[in-house]
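Enquirer: got a sequence here, can you model it:
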Amino acid sequence: METNSEKFAEQGYLVAQSALSESDLAPLIARVSEVVDTRATELYKEGVISDTYEGLSFERRWHAVLKACGRENEVFGWHTLVFSEALFNLITHPKVLDVLESLIGSDIQFNGDFWVRPKLPNEKLTTLPWHQDSAYMPDTENDTHLTVWMPLVDVKQENGPLQFLPGSHKTGLQTYHRVPGETFAVPVLSPTSSDTDIHTLEMKKGDLLVFNNLVFHRSLLNHSDIIRWSVDFRFSPTGTSLQGLWHEVIACPARERESGQCPTSWQTWCAQWAASPHKDRFV
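Expert: Purely as a prediction, here's the structure:
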């Protein structure tokens with residue numbers, strides 16, 4: 001039987017089904033819900049909206065708030081707003097690190113990059129074209145940088161799944177340029193043709209996706225009427241250079257070989273965050 005490591009080496013991505021439980025994700029979902037409640041209350045007090053939509057579900061409330069104030073196309077992802085112990089505990093969760101260890105060994109560093117993303121219904125801003133993450137992370141193409149991506153709701157065909165081109169990481173980093181109408185740089189040569197094998201990933205809440213920094217992937221439009229919430233963060237083998245990456249200042253060891261544990265505490269990471277010049281740069 002093919003191992004996770006062999007499958008990952010061949011495809012450039014791996015889905016670990018039911019890697020986390022409802023209780024593992026609940027603290028971060030609660031944090032996100034708190035942010036939504038705070039923002040809705042602020043907008044209500046400012047007179048921008050006439051209802052806080054408190055009775056709506058996690059999957060619907062933030063979209064209703066943004067729709068009411070005409071800001072549906074202004075939110076790409078949350079960074080500063082979701083910085084919390086709940087986030088740290090998920091980034092360094094043993095179940096997450098166990099999957100990573102099976103791919104890159106037991107000396108693992110968190111790269112400092114994290115986002116919670118509300119993919120809104122019919123929002124084009126988060127409908128990304130085919131790309132490789134190293135195209136947006138300078139001087140990373142010769143090292144292993146892994147993205148961990150987790151849906152906070154079930155992901156189906158209609159609410160904006162991720163798509164991958166399995167094996168596309170083997171050809172190295174392609175040349176990118178900017179074209180009118182695209183928010184992000186795109187490859188000069190299309191990575192697809194009429195016979196290209198495209199994998200569409202429908203995932204359950206609790207599934208965990210890991211993918212290589214050179215594998216081509218994209219995100220489809222959310223055609224549903226709910227938000228496709230997700231969280232992602234990046235890791236690499238300990239000692240991998242992070243020089244030139246804006247989030248290097250909040251990188252930290254996540255697991256060490258000797259103890260098999262995370263040597264970084266929440267308090268230590270908090271101190272790094274407090275000293276970061278980028279903590280107020282993003283929403």
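Enquirer: beta partners for V15?
Expert: Assessed by DSSP bridges, V15 has beta-bridge partners L209.
Enquirer: gap between it and T240?
Expert: Here the criterion is C-beta to C-beta, to the nearest Å. By it, V15 lies 24 Å from T240. Every C-beta, even on glycine, is put in place using the N, C-alpha and C of the backbone.
Enquirer: who's more crowded, the two?
Expert: V15 (21 against 18; other C-beta atoms under 10 Å).
Enquirer: looking at this, I49 is in a strand?
Expert: No - assignment of I49 by DSSP: H, G, I helix; E, B strand; the rest coil gives coil, placing it outside any strand.
Enquirer: go ahead and confirm it touches K67.
Expert: No - between I49 and K67 there is no contact, the gap being 9.5 Å when judged by C-beta atoms under 8 Å.
Enquirer: can you show me the helices along the stretch 151-283 of the chain?
Expert: 266-275 (DSSP state H, counting those that start in this stretch).
Enquirer: in it, where is pLDDT below threshold?
Expert: Scanning the stretch 151-283 of the chain for pLDDT under 70 picks out no residues.
Enquirer: what residues are up against S219?
Expert: K119, T126, T127, L128, G160, P161, L162, Q163 (C-beta atoms under 8 Å, 6 or more residues apart in numbering).
Enquirer: just give the nearest non-adjacent residue to it, would you?
Expert: L128 (4.6 Å; C-beta to C-beta, 6 or more residues apart in numbering).
Enquirer: likewise for V99?
Expert: A16 (4.9 Å).
Enquirer: check whether L66 really touches I49, as I assumed.
Expert: No - taking C-beta under 8 Å as the definition, L66 is not a contact partner of I49, at 9.4 Å.
Enquirer: how far away is the residue nearest to T268 when sequence neighbours are not counted from P27?
Expert: Among residues not flanking T268 along the chain, C252 sits closest, at 7.0 Å (C-beta to C-beta, 6+ apart). For C252, the distance to P27 equals 19 Å [C-beta to C-beta].
Enquirer: what about these two, which has more around it?
Expert: Between C252 and P27, counting by other C-beta under 10 Å, C252 is the more crowded of the two (18 against 15).
Enquirer: for A64, see how far away the residue nearest to K156 when sequence neighbours are not counted is.
Expert: Sequence neighbours aside, E202 is the residue nearest to K156 in space, at 5.4 Å (criterion: C-beta to C-beta, 6+ apart). According to C-beta to C-beta, E202 stands 25 Å off from A64.
Enquirer: and what of T147?
Expert: To A64, T147 is 30 Å away according to C-beta to C-beta.
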